[in-house]
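Visitor: Predicted coordinates and the sequence they were generated for:
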Amino acid sequence: MAYAWSGAARRIRVGAGRAVDLILPPLALDDPQSGGGARPQSPGLSARSWERIAFIDGPLCDGCGAPYPYDVGDGVLCPACSIGVRLISRTRAACLYDEHSRDLILKLKHADRTDLAPLFARWLSRAAAELIEHADLVCPVPLHRRRLLARRYNQAAEIARPLVQHARSKMAAKAAYAPDVVVRARATPTQGGKSGRGRRENVRNAFAVPKGAVAKVAGRRVLLIDDVLTTGATAEACARALLRAGAAAVDLAVVARVRESGTEPI
């Protein structure tokens, strides 16, 4: 009976949403008219903006997720991943970080546009489908409590939450949302303006797994979620803390990645 009522309520909500869309046509998420107040009833991008996003659909390195210019076969690692010691097993990004994706990501990160998070979650549900399928825990890269108070939300968490909901309902994934299994133990200056080495030093020992979360992490495959991948220093610092706590493996899914390692986007 409860299930039937839930299904009926969902159909009513969908029907009501469609009716509202007919009366008040929804704005695209990137429409400048929507920035001042109105939010779209049907989330999505305008056709023009959609065409500009450089989605990563083609062949890529099975380790870092960097796109290849041509098909080299499944499961192939790039030279850097082949010779280096990797704390993060596999990385996937939905698109490249450029002037088009940057505007959307910065709106989420700094302009309170949390309505963009479900859109990014859908992008990741496609780009990182294999990682989600194998994940036991999905964890957003955490903010320090001071920055969280200043920003009022963690943009990575805003993406991770609907991603897990979608995965469990649509993909029959087992992954559980676990926002507290790794914390930022100390405040760090922004990564902006720092070299790759400077970024790694900046976040060294900045993350930790709380004692109460060790049992939850031990033996599990953890999927980290973040908005942008540059040098990977922050994600690697998180992975190091999780692996020390006994995680079986750590993967990473991001909305966008820079085209070349070390490029400074923010």
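Guide: Thanks, I have the structure now.
Visitor: Tell me, how many residues neighbour the nearest residue to L163 once chain neighbours are set aside?
Guide: Distance criterion CB to CB, 6 or more residues apart in numbering; nearest residue to L163, sequence neighbours excluded, is A121 at 4.1 Å. Placement of C-beta: from N, CA and C, glycine included. Residues contacting A121 under the criterion other CB atoms under 10 Å number 22.
Visitor: ok, now R146?
Guide: Neighbour count of R146, defined by other CB under 10 Å: 10.
Visitor: Please renumber the chain so that the first residue is 830 from this point on.
Guide: Fine by me, first position is 830 from now on; the one you just mentioned is R975.
Visitor: That one belongs to a helix?
Guide: Yes. Assessed with DSSP: H, G, I helix; E, B strand; the rest coil, R975 lies in a helix.
Visitor: List the contacts of Y897.
Guide: G887, P888, L889, C890, C907 (CB atoms under 8 Å, 6 or more residues apart in numbering).
Visitor: farthest pair in those residues?
Guide: Greatest spatial distance among the contacts of Y897 (CB to CB): G887 and C907, at 13.9 Å.
Visitor: Looking at the contacts of Y897, spot the one nearest V1038.
Guide: Distance to V1038, by CB to CB, is smallest for C890 among the contacts of Y897, at 27.9 Å.
Visitor: Return the distance of that closest one relative to A1062.
Guide: Distance of C890 to A1062, computed by CB to CB, to the nearest Å: 18 Å.
Visitor: show me where this structure has helices.
Guide: Using DSSP state H, the helices of the chain run over 831-852, 876-881, 908-912, 928-939, 946-956, 958-963, 974-980, 984-999, 1025-1031, 1043-1046, 1062-1073.
Visitor: quick one: which of those helices has the weakest pLDDT on average?
Guide: Note on the helices of the chain: lowest mean pLDDT is at helix 831-852, with a mean of 46.
Visitor: hmm, back to that, okay, and which of the contacts of Y897 map to strands?
Guide: Members of those lying in strands (criterion: DSSP state E): none.
Visitor: Of these, just the buried ones, PyMOL syntax please.
Guide: Here is the PyMOL command that selects the buried residues among the contacts of Y897 (16 or more other CB atoms under 10 Å):
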select buried, resi 889+890+907
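Visitor: Would you format the contacts of Y897 as TSV with pLDDT and distance to R990 included?
Guide: Below are these laid out as TSV (pLDDT from 0 to 100; distance: CB to CB, whole Å):
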residue	pLDDT	distance to R990
G887	79	29
P888	89	31
L889	91	26
C890	91	28
C907	87	31
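Visitor: Might one say that G894 is in contact with R919?
Guide: Yes. Counting by CB atoms under 8 Å, G894 touches R919, with 7.1 Å between them.
Visitor: which of the two has more neighbours?
Guide: A count of neighbours by other CB under 10 Å puts G894 above the other of G894 and R919, at 24 against 21.
Visitor: Give me the distance between the more buried one and W879.
Guide: Going from G894 to W879 by CB to CB gives 21 Å.
Visitor: which other residues reach stretch 984-1003?
Guide: Against stretch 984-1003 from outside (CB under 8 Å, 6+ apart): 937-938, 943, 946-947, 949-951, 953-954, 958, 961-962, 964-965, 967-972, 1004-1006, 1008, 1054-1056, 1084.
Visitor: That one: which residues count as buried?
Guide: 984-993, 995-997, 1002.
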